[in-house]
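could you work out the structure for the sequence below:
(chains A and B)
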Amino acid sequence: MERLDYEFAAGKPAAGRTVSGVVASGDLEVLLEPAGAGRTTVAVQTSVDGYGATWKALLERVFGAGDLPAARIEINDNGATPGVVRMRIEQAYEQAAMNGGTP
Amino acid sequence: MSIENLLKRDSFIERGARSRAQALLDPGTFRELAGPFERLHSPWLAMQRLVTQADDGVVVAKGRLAGQPTVVLAIEGAFQGGSMGEIGGAKIAGALEFAVRDNERGVPMQAVILFETGGVRLQEANLGLAAIAEIQSAIVALRRHRPVVGVSAGTVGCYGGMSIAAGLCSYFVMTREARLGLNGPQVIEQEAGVAEFDARQRSLIWGLTGGEQRTATHLADACVEDDTAQVRATVAALFERGVPTVHRSDRTADFLACLARVDTDTQATRDDVRRIYGQGLE
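Okay, the predicted model is just below:
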(Lines give C-alpha, C1' and ligand atoms only; values in the text may rest on other atoms or scores of the structure.)
Protein backbone atom coordinates (compact mmCIF):
# COMPACT_ATOMS: atom_id res chain seq x y z
CA MET A 1 0.00 0.00 0.00
CA GLU A 2 1.24 3.46 -0.86
CA ARG A 3 0.10 7.00 -0.06
CA LEU A 4 0.54 9.77 -2.63
CA ASP A 5 -0.36 13.48 -2.48
CA TYR A 6 -0.91 15.92 -5.33
CA GLU A 7 -2.02 19.51 -5.72
CA PHE A 8 -3.48 21.35 -8.71
CA ALA A 9 -4.77 24.80 -9.66
CA ALA A 10 -8.58 24.94 -9.75
CA GLY A 11 -11.61 27.21 -10.23
CA LYS A 12 -14.41 28.11 -7.80
CA PRO A 13 -15.27 25.79 -4.87
CA ALA A 14 -17.18 22.62 -5.82
CA ALA A 15 -20.98 22.75 -5.31
CA GLY A 16 -21.19 19.96 -2.74
CA ARG A 17 -19.65 16.81 -1.40
CA THR A 18 -20.16 13.35 -2.84
CA VAL A 19 -18.74 9.85 -3.03
CA SER A 20 -18.42 7.61 -6.08
CA GLY A 21 -17.24 4.03 -6.50
CA VAL A 22 -16.38 1.22 -4.11
CA VAL A 23 -13.03 -0.18 -2.95
CA ALA A 24 -13.71 -3.38 -4.88
CA SER A 25 -11.15 -5.36 -6.86
CA GLY A 26 -10.07 -3.20 -9.83
CA ASP A 27 -12.18 -0.30 -8.59
CA LEU A 28 -11.75 2.74 -6.35
CA GLU A 29 -13.64 5.13 -4.13
CA VAL A 30 -13.51 8.89 -4.74
CA LEU A 31 -14.55 11.27 -1.94
CA LEU A 32 -15.01 14.84 -3.14
CA GLU A 33 -15.54 17.84 -0.84
CA PRO A 34 -15.53 21.55 -1.67
CA ALA A 35 -12.22 23.34 -1.02
CA GLY A 36 -11.16 27.00 -0.99
CA ALA A 37 -11.20 28.59 -4.47
CA GLY A 38 -8.18 28.08 -6.69
CA ARG A 39 -6.71 24.85 -5.33
CA THR A 40 -7.52 21.13 -5.52
CA THR A 41 -5.71 18.57 -3.40
CA VAL A 42 -5.72 14.86 -4.19
CA ALA A 43 -4.73 12.29 -1.55
CA VAL A 44 -4.34 8.78 -2.96
CA GLN A 45 -4.24 5.53 -0.99
CA THR A 46 -3.48 2.69 -3.41
CA SER A 47 -2.98 -1.05 -2.99
CA VAL A 48 -0.41 -1.12 -5.81
CA ASP A 49 3.06 0.22 -4.99
CA GLY A 50 5.41 1.99 -7.39
CA TYR A 51 2.94 3.67 -9.74
CA GLY A 52 3.50 7.27 -8.57
CA ALA A 53 4.54 8.45 -12.04
CA THR A 54 1.42 6.93 -13.63
CA TRP A 55 -0.82 8.58 -11.03
CA LYS A 56 0.92 11.93 -11.60
CA ALA A 57 0.51 11.69 -15.38
CA LEU A 58 -3.14 10.63 -15.10
CA LEU A 59 -4.12 13.29 -12.56
CA GLU A 60 -2.32 15.98 -14.59
CA ARG A 61 -4.46 15.07 -17.60
CA VAL A 62 -7.61 15.42 -15.49
CA PHE A 63 -6.73 18.50 -13.42
CA GLY A 64 -3.89 20.08 -15.43
CA ALA A 65 -6.02 22.72 -17.16
CA GLY A 66 -6.93 24.14 -13.72
CA ASP A 67 -10.56 24.80 -14.66
CA LEU A 68 -12.35 22.12 -12.56
CA PRO A 69 -14.08 23.26 -9.34
CA ALA A 70 -11.79 23.40 -6.31
CA ALA A 71 -12.08 20.24 -4.18
CA ARG A 72 -10.44 18.18 -1.51
CA ILE A 73 -10.31 14.73 -3.09
CA GLU A 74 -9.52 11.47 -1.37
CA ILE A 75 -8.99 8.35 -3.45
CA ASN A 76 -9.00 4.84 -2.00
CA ASP A 77 -7.80 2.61 -4.83
CA ASN A 78 -7.80 -1.16 -5.08
CA GLY A 79 -5.90 -1.64 -8.33
CA ALA A 80 -8.12 0.28 -10.75
CA THR A 81 -6.85 0.93 -14.28
CA PRO A 82 -6.28 4.59 -15.29
CA GLY A 83 -9.48 4.61 -17.37
CA VAL A 84 -11.57 3.56 -14.36
CA VAL A 85 -9.84 6.14 -12.14
CA ARG A 86 -10.65 8.90 -14.59
CA MET A 87 -14.30 7.84 -14.91
CA ARG A 88 -14.79 7.68 -11.13
CA ILE A 89 -13.33 11.21 -10.72
CA GLU A 90 -15.56 12.52 -13.51
CA GLN A 91 -18.55 10.73 -11.97
CA ALA A 92 -17.85 12.45 -8.63
CA TYR A 93 -17.71 15.90 -10.26
CA GLU A 94 -20.92 15.18 -12.17
CA GLN A 95 -22.75 14.04 -9.01
CA ALA A 96 -21.48 17.06 -7.04
CA ALA A 97 -22.73 19.42 -9.76
CA MET A 98 -26.06 17.61 -10.27
CA ASN A 99 -27.39 17.24 -6.74
CA GLY A 100 -25.26 19.66 -4.78
CA GLY A 101 -23.70 16.51 -3.40
CA THR A 102 -25.16 13.51 -1.57
CA PRO A 103 -24.54 12.24 0.98
CA MET B 1 -34.83 -12.90 -20.58
CA SER B 2 -34.60 -10.90 -23.81
CA ILE B 3 -31.96 -8.22 -24.30
CA GLU B 4 -34.67 -5.57 -24.29
CA ASN B 5 -35.95 -6.72 -20.91
CA LEU B 6 -32.41 -6.88 -19.57
CA LEU B 7 -31.80 -3.27 -20.54
CA LYS B 8 -35.16 -2.07 -19.24
CA ARG B 9 -35.15 -3.76 -15.86
CA ASP B 10 -34.05 -2.06 -12.67
CA SER B 11 -31.67 -4.61 -11.17
CA PHE B 12 -31.26 -4.65 -7.38
CA ILE B 13 -28.15 -6.85 -7.50
CA GLU B 14 -26.24 -4.41 -9.68
CA ARG B 15 -26.77 -1.56 -7.21
CA GLY B 16 -24.11 -0.80 -4.61
CA ALA B 17 -25.00 -0.69 -0.91
CA ARG B 18 -25.82 3.06 -0.85
CA SER B 19 -27.92 2.86 -3.98
CA ARG B 20 -29.84 -0.14 -2.59
CA ALA B 21 -30.65 1.77 0.59
CA GLN B 22 -31.78 4.77 -1.46
CA ALA B 23 -33.98 2.55 -3.63
CA LEU B 24 -35.73 0.95 -0.64
CA LEU B 25 -36.58 4.19 1.15
CA ASP B 26 -39.36 6.53 0.04
CA PRO B 27 -38.07 9.23 -2.35
CA GLY B 28 -36.58 12.21 -0.54
CA THR B 29 -36.46 10.53 2.90
CA PHE B 30 -32.96 8.97 2.68
CA ARG B 31 -30.58 10.31 5.32
CA GLU B 32 -27.24 8.63 5.86
CA LEU B 33 -25.77 8.30 9.36
CA ALA B 34 -22.10 7.69 10.16
CA GLY B 35 -21.46 8.16 6.43
CA PRO B 36 -18.22 8.18 4.43
CA PHE B 37 -17.31 11.77 5.35
CA GLU B 38 -17.16 10.81 9.03
CA ARG B 39 -14.21 8.73 7.82
CA LEU B 40 -14.83 5.78 10.10
CA HIS B 41 -12.11 3.68 8.44
CA SER B 42 -11.08 0.33 9.80
CA PRO B 43 -7.92 1.00 11.84
CA TRP B 44 -6.92 -2.67 11.49
CA LEU B 45 -6.87 -3.00 7.69
CA ALA B 46 -4.44 -0.09 7.33
CA MET B 47 -2.05 -1.75 9.81
CA GLN B 48 -2.09 -4.80 7.54
CA ARG B 49 -1.38 -2.59 4.52
CA LEU B 50 -4.85 -3.05 3.03
CA VAL B 51 -6.77 -0.16 1.48
CA THR B 52 -9.67 1.01 3.64
CA GLN B 53 -13.08 2.31 2.59
CA ALA B 54 -14.41 5.51 4.18
CA ASP B 55 -17.65 3.85 5.37
CA ASP B 56 -16.02 0.48 6.18
CA GLY B 57 -18.41 -1.19 3.74
CA VAL B 58 -21.62 -0.49 5.69
CA VAL B 59 -24.27 2.11 4.85
CA VAL B 60 -26.64 3.18 7.64
CA ALA B 61 -29.63 5.06 6.23
CA LYS B 62 -32.70 6.38 7.99
CA GLY B 63 -35.90 7.30 6.24
CA ARG B 64 -39.36 5.96 5.57
CA LEU B 65 -40.49 2.79 3.82
CA ALA B 66 -44.10 2.95 2.64
CA GLY B 67 -44.48 5.80 5.12
CA GLN B 68 -43.13 3.89 8.15
CA PRO B 69 -39.97 5.05 9.97
CA THR B 70 -37.25 2.66 8.84
CA VAL B 71 -33.51 2.22 9.15
CA VAL B 72 -31.73 0.37 6.32
CA LEU B 73 -28.42 -1.34 7.06
CA ALA B 74 -26.75 -2.15 3.76
CA ILE B 75 -23.56 -4.17 3.53
CA GLU B 76 -21.32 -3.52 0.50
CA GLY B 77 -20.41 -6.97 -0.77
CA ALA B 78 -17.75 -5.70 -3.17
CA PHE B 79 -15.54 -4.31 -0.38
CA GLN B 80 -13.57 -7.10 1.34
CA GLY B 81 -16.32 -9.60 0.52
CA GLY B 82 -18.80 -7.69 2.68
CA SER B 83 -16.87 -8.88 5.72
CA MET B 84 -17.84 -7.63 9.18
CA GLY B 85 -15.10 -5.77 10.99
CA GLU B 86 -15.11 -3.73 14.16
CA ILE B 87 -16.41 -0.48 12.61
CA GLY B 88 -18.93 -1.83 10.10
CA GLY B 89 -20.26 -4.25 12.71
CA ALA B 90 -20.58 -1.50 15.31
CA LYS B 91 -22.49 0.66 12.81
CA ILE B 92 -25.09 -2.08 12.30
CA ALA B 93 -25.33 -3.07 15.98
CA GLY B 94 -25.49 0.57 17.10
CA ALA B 95 -28.23 1.43 14.61
CA LEU B 96 -30.30 -1.58 15.71
CA GLU B 97 -29.85 -0.63 19.38
CA PHE B 98 -31.03 2.92 18.60
CA ALA B 99 -34.07 1.41 16.85
CA VAL B 100 -34.86 -0.60 20.01
CA ARG B 101 -34.64 2.61 22.05
CA ASP B 102 -36.92 4.40 19.59
CA ASN B 103 -39.54 1.67 20.05
CA GLU B 104 -39.25 1.88 23.84
CA ARG B 105 -40.01 5.59 23.48
CA GLY B 106 -43.02 5.00 21.26
CA VAL B 107 -41.44 5.50 17.81
CA PRO B 108 -42.15 2.29 15.81
CA MET B 109 -38.74 2.20 14.07
CA GLN B 110 -38.25 -0.90 11.92
CA ALA B 111 -35.06 -2.26 10.34
CA VAL B 112 -34.05 -3.84 7.03
CA ILE B 113 -30.65 -5.50 6.83
CA LEU B 114 -29.17 -6.09 3.36
CA PHE B 115 -26.90 -9.10 3.85
CA GLU B 116 -24.12 -9.31 1.29
CA THR B 117 -21.42 -10.83 3.39
CA GLY B 118 -18.98 -13.67 3.82
CA GLY B 119 -19.20 -13.24 7.59
CA VAL B 120 -16.50 -12.07 9.97
CA ARG B 121 -13.55 -10.09 8.57
CA LEU B 122 -10.65 -12.41 9.24
CA GLN B 123 -8.19 -9.49 9.54
CA GLU B 124 -10.17 -8.20 12.52
CA ALA B 125 -10.83 -11.61 14.05
CA ASN B 126 -12.36 -11.42 17.54
CA LEU B 127 -13.50 -7.81 17.13
CA GLY B 128 -15.56 -8.84 14.11
CA LEU B 129 -16.98 -11.85 15.97
CA ALA B 130 -17.90 -9.64 18.93
CA ALA B 131 -19.62 -7.20 16.57
CA ILE B 132 -21.64 -10.02 14.99
CA ALA B 133 -22.72 -11.20 18.48
CA GLU B 134 -23.90 -7.64 19.22
CA ILE B 135 -25.81 -7.53 15.92
CA GLN B 136 -27.51 -10.83 16.76
CA SER B 137 -28.64 -9.72 20.23
CA ALA B 138 -29.83 -6.40 18.83
CA ILE B 139 -31.94 -8.20 16.17
CA VAL B 140 -33.55 -10.32 18.90
CA ALA B 141 -34.23 -7.22 21.01
CA LEU B 142 -35.72 -5.26 18.08
CA ARG B 143 -37.95 -8.04 16.72
CA ARG B 144 -40.00 -7.96 19.95
CA HIS B 145 -41.26 -4.55 18.82
CA ARG B 146 -41.20 -4.51 15.02
CA PRO B 147 -40.24 -7.10 12.39
CA VAL B 148 -36.59 -7.19 11.31
CA VAL B 149 -36.47 -7.96 7.58
CA GLY B 150 -33.32 -9.42 6.05
CA VAL B 151 -32.58 -9.40 2.33
CA SER B 152 -29.83 -11.20 0.46
CA ALA B 153 -29.89 -10.31 -3.22
CA GLY B 154 -26.47 -11.62 -4.28
CA THR B 155 -24.04 -12.04 -5.74
CA VAL B 156 -22.04 -12.52 -2.53
CA GLY B 157 -24.88 -14.07 -0.52
CA CYS B 158 -24.82 -14.48 3.23
CA TYR B 159 -22.38 -16.69 5.11
CA GLY B 160 -20.63 -17.29 8.42
CA GLY B 161 -21.82 -15.66 11.61
CA MET B 162 -23.98 -13.32 9.58
CA SER B 163 -26.00 -16.30 8.31
CA ILE B 164 -26.96 -16.86 11.96
CA ALA B 165 -27.99 -13.19 12.12
CA ALA B 166 -30.05 -13.85 8.98
CA GLY B 167 -31.71 -16.80 10.73
CA LEU B 168 -32.71 -14.50 13.59
CA CYS B 169 -34.53 -12.05 11.32
CA SER B 170 -38.33 -12.07 11.43
CA TYR B 171 -38.45 -12.51 7.66
CA PHE B 172 -35.78 -13.26 5.07
CA VAL B 173 -35.95 -12.41 1.36
CA MET B 174 -33.65 -13.84 -1.32
CA THR B 175 -33.23 -13.79 -5.09
CA ARG B 176 -32.38 -16.95 -7.06
CA GLU B 177 -28.82 -15.64 -7.37
CA ALA B 178 -28.26 -15.25 -3.62
CA ARG B 179 -26.97 -18.03 -1.40
CA LEU B 180 -27.38 -18.61 2.31
CA GLY B 181 -25.20 -20.93 4.37
CA LEU B 182 -23.04 -21.19 7.47
CA ASN B 183 -19.90 -22.28 5.58
CA GLY B 184 -19.19 -21.31 2.01
CA PRO B 185 -18.61 -24.03 -0.61
CA GLN B 186 -14.85 -23.46 -0.77
CA VAL B 187 -14.50 -23.65 3.00
CA ILE B 188 -16.37 -26.98 3.09
CA GLU B 189 -14.26 -28.37 0.26
CA GLN B 190 -11.05 -27.20 1.91
CA GLU B 191 -11.95 -28.64 5.31
CA ALA B 192 -13.81 -31.83 4.37
CA GLY B 193 -12.44 -32.67 0.93
CA VAL B 194 -13.75 -32.52 -2.60
CA ALA B 195 -15.62 -35.81 -2.15
CA GLU B 196 -17.73 -34.14 0.54
CA PHE B 197 -18.46 -31.00 -1.46
CA ASP B 198 -17.24 -29.94 -4.89
CA ALA B 199 -16.98 -26.15 -4.77
CA ARG B 200 -16.82 -25.92 -8.57
CA GLN B 201 -20.24 -27.54 -9.09
CA ARG B 202 -22.50 -24.56 -9.39
CA SER B 203 -25.70 -26.58 -9.75
CA LEU B 204 -24.89 -28.41 -6.51
CA ILE B 205 -24.13 -25.16 -4.67
CA TRP B 206 -27.24 -23.30 -5.83
CA GLY B 207 -29.35 -26.46 -5.60
CA LEU B 208 -28.57 -26.71 -1.89
CA THR B 209 -27.97 -23.11 -0.78
CA GLY B 210 -29.55 -20.86 -3.43
CA GLY B 211 -32.50 -18.57 -2.80
CA GLU B 212 -35.06 -20.82 -4.50
CA GLN B 213 -34.03 -23.83 -2.42
CA ARG B 214 -33.82 -21.90 0.85
CA THR B 215 -37.33 -20.57 0.29
CA ALA B 216 -38.65 -24.05 -0.59
CA THR B 217 -37.07 -25.44 2.60
CA HIS B 218 -38.48 -22.73 4.91
CA LEU B 219 -35.15 -21.03 5.66
CA ALA B 220 -36.27 -17.95 3.69
CA ASP B 221 -39.73 -16.48 3.30
CA ALA B 222 -39.73 -15.12 -0.24
CA CYS B 223 -37.77 -15.69 -3.43
CA VAL B 224 -37.97 -12.59 -5.63
CA GLU B 225 -36.78 -11.55 -9.08
CA ASP B 226 -33.73 -9.32 -9.36
CA ASP B 227 -36.03 -6.33 -9.64
CA THR B 228 -35.81 -3.27 -7.40
CA ALA B 229 -39.57 -2.61 -7.33
CA GLN B 230 -40.29 -6.25 -6.44
CA VAL B 231 -37.71 -6.31 -3.64
CA ARG B 232 -39.16 -3.09 -2.23
CA ALA B 233 -42.78 -4.29 -2.47
CA THR B 234 -41.91 -7.63 -0.85
CA VAL B 235 -40.09 -5.96 2.07
CA ALA B 236 -43.00 -3.53 2.58
CA ALA B 237 -45.53 -6.40 2.52
CA LEU B 238 -43.54 -8.35 5.12
CA PHE B 239 -43.46 -5.34 7.46
CA GLU B 240 -47.23 -5.11 6.95
CA ARG B 241 -47.60 -8.66 8.32
CA GLY B 242 -46.19 -7.46 11.65
CA VAL B 243 -44.12 -9.43 14.15
CA PRO B 244 -44.60 -13.18 13.55
CA THR B 245 -46.17 -15.10 16.45
CA VAL B 246 -43.39 -17.69 16.16
CA HIS B 247 -39.99 -16.72 14.78
CA ARG B 248 -38.00 -19.15 12.66
CA SER B 249 -35.31 -19.25 15.35
CA ASP B 250 -37.92 -20.42 17.92
CA ARG B 251 -38.48 -23.54 15.81
CA THR B 252 -35.08 -25.17 16.36
CA ALA B 253 -36.71 -28.45 17.45
CA ASP B 254 -38.57 -28.72 14.12
CA PHE B 255 -35.40 -28.00 12.14
CA LEU B 256 -33.35 -30.46 14.21
CA ALA B 257 -35.98 -33.13 13.54
CA CYS B 258 -35.47 -32.51 9.80
CA LEU B 259 -31.70 -32.74 10.15
CA ALA B 260 -32.06 -36.04 12.02
CA ARG B 261 -33.77 -37.50 8.94
CA VAL B 262 -30.79 -36.77 6.67
CA ASP B 263 -28.90 -39.82 5.46
CA THR B 264 -25.24 -38.75 5.64
CA ASP B 265 -24.00 -41.82 3.72
CA THR B 266 -25.07 -40.33 0.40
CA GLN B 267 -24.77 -36.82 -1.03
CA ALA B 268 -28.14 -35.17 -0.52
CA THR B 269 -29.66 -33.72 -3.67
CA ARG B 270 -31.84 -30.67 -4.01
CA ASP B 271 -34.97 -32.83 -4.10
CA ASP B 272 -33.91 -34.97 -1.10
CA VAL B 273 -33.52 -31.82 0.98
CA ARG B 274 -36.89 -30.47 -0.16
CA ARG B 275 -38.54 -33.76 0.79
CA ILE B 276 -36.90 -33.82 4.23
CA TYR B 277 -37.71 -30.16 4.97
CA GLY B 278 -41.20 -30.63 3.57
CA GLN B 279 -42.29 -32.41 6.74
CA GLY B 280 -42.97 -30.65 10.03
CA LEU B 281 -42.08 -27.12 8.91
CA GLU B 282 -45.21 -26.05 7.01
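
got the contact list for the residue in the stretch 151-282 of chain B that chain A sits nearest to?
The nearest approach of the stretch 151-282 of chain B to chain A comes at residue B:156, 11.0 Å away (CB to the nearest CB). Using the backbone N, CA and C atoms, a C-beta is placed for each residue, glycine as well. Applying CB atoms under 8 Å, 6 or more residues apart in numbering or on different chains to residue B:156 gives the contacts B:77, B:81-82, B:116-118.

ok, and the most crowded of the residues you listed?
Neighbour counts for these, by other CB atoms under 10 Å in any protein chain shown, peak at residue B:117, which reaches 31 neighbours.

phi and psi next, for the closest residue to it other than its chain neighbours.
Spatial nearest neighbour of residue B:117, chain neighbours left out: residue B:82 (3.6 Å); criterion: CB to CB, 6 or more residues apart in numbering or on different chains. With angles defined as degrees, to the nearest 10, residue B:82 sits at phi 70, psi 20.

pretty sure residue B:82 sits against residue B:114.
No - between residue B:82 and residue B:114 there is no contact under CB atoms under 8 Å: 9.5 Å.

overlap in contacts of the two?
Jointly contacting residue B:82 and residue B:114 under the rule CB under 8 Å, 6+ apart are residue B:75.

buried residues, the helix or strand of chain A with the lowest mean pLDDT. List them.
None of the helices or strands of chain A scores lower by mean pLDDT, DSSP states H and E than helix A:82-99, at a mean of 94. Buried positions in helix A:82-99, judged by neighbour count with 16 or more other CB atoms under 10 Å in any protein chain shown: A:85, A:87-89, A:91-93, A:95-96.

same deal with stretch B:242-252?
In stretch B:242-252, counting by 16+ other CB under 10 Å, buried: B:243, B:247-249.

how about the secondary structure of the residue of the stretch 1-150 of chain B found nearest chain A?
For the stretch 1-150 of chain B, the residue closest to chain A is residue B:78, as judged by CB to the nearest CB, at 3.5 Å. Of the three states, residue B:78 takes coil under DSSP: H, G, I helix; E, B strand; the rest coil.

pLDDT at residue B:195, what is it?
Note on residue B:195: pLDDT of 89.

tell me the secondary structure at it.
Under three-state DSSP, residue B:195 comes out as coil.

quick revisit: nearest residue to the residue of the stretch 151-282 of chain B closest to chain A other than its sequence neighbours?
Counting by CB to CB, 6+ apart, residue B:77 is the residue found nearest to residue B:156 once chain neighbours are left out, at 3.6 Å.

is it correct that that neighbour is in contact with residue B:152?
No - assessed by CB under 8 Å, residue B:77 is found out of contact with residue B:152, at 9.4 Å.

where do the contact lists of these two overlap?
Shared contacts of residue B:77 and residue B:152, counting by CB under 8 Å, 6+ apart, come down to residue B:116.

count of residues packed around residue B:196?
If we define neighbours as other CB under 10 Å, then residue B:196 has 10 of them.

excluding its backbone neighbours, what's nearest it?
residue B:188 (6.4 Å).

was I right to think that neighbour contacts residue B:197?
Yes - with contact defined as CB under 8 Å, residue B:188 counts as touching residue B:197 (4.2 Å).

so between these two, which is more surrounded?
A count of neighbours by other CB under 10 Å puts residue B:197 above the other of residue B:188 and residue B:197, at 21 against 18.

count of residues packed around the residue in chain A positioned nearest to chain B?
In chain A, no residue comes nearer to chain B than residue A:24, which is 3.5 Å away by CB to the nearest CB. Neighbourhood size, residue A:24 [other CB under 10 Å]: 20.

how about the contacts made by the residue nearest to it when sequence neighbours are not counted?
In this structure, residue A:24 finds its nearest non-sequential neighbour in residue B:78, 3.5 Å apart by CB to CB, 6+ apart. Applying CB under 8 Å, 6+ apart to residue B:78 gives the contacts A:22-25, A:27, B:16.

repeat for residue B:254
B:280-281.

now swap in residue B:70 and tell me
Counting by CB under 8 Å, 6+ apart, residue B:70 touches B:24-25, B:62-64, B:109-112, B:239.

just confirm it is within a strand.
Yes - looking at residue B:70 with three-state DSSP, it is inside a strand.

any idea how far it lies from residue B:172?
17 Å (CB to CB, to the nearest Å).

same question, residue B:248
In this view, residue B:248 and residue B:172 are 8 Å apart by CB to CB.

which neighbours do the two share?
residue B:219.

re the thing from before, residues in contact with the residue nearest to residue B:156?
In this structure, residue B:77 makes contact with B:17, B:116-117, B:155-156, judged by CB under 8 Å, 6+ apart.

which of the residues you listed sits closest to residue A:15?
residue B:17 (24.3 Å; CB to CB).

can you map out the helices along the stretch 1-150 of chain B?
Secondary structure of the stretch 1-150 of chain B by DSSP state H, counting those that start in this stretch: the helices cover B:3-8, B:17-24, B:43-47, B:86-104, B:125-142.

what do you get for chain A?
A:52-63, A:82-99 (DSSP state H).

adding distance to chain B, write those helices out as CSV.
Formatted as CSV, those follow (distance: least, CB to the nearest CB, whole Å):
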stretch, distance to chain B
helix A:52-63, 14
helix A:82-99, 11
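
between the ones you listed, which one is closest to residue B:180.
Across the helices of chain A, closest to residue B:180 is helix A:82-99 (CB to CB), at 31.5 Å.

name the residues that touch the closest one?
A:14-21, A:26-32, A:54, A:58, A:61-62, A:68-69, A:71, A:73, A:75, A:77, A:80, A:101-102.

follow-up on the earlier one: which of the contacts of residue B:78 are buried?
For those, buried by 16+ other CB under 10 Å: A:22-24, A:27, B:16.

residue ranges with poor pLDDT in chain A?
The model of chain A has pLDDT under 70 over residues A:100-103.

tell me how far residue B:166 lies from residue B:115.
Taking CB to CB, one finds residue B:166 at 5 Å from residue B:115.
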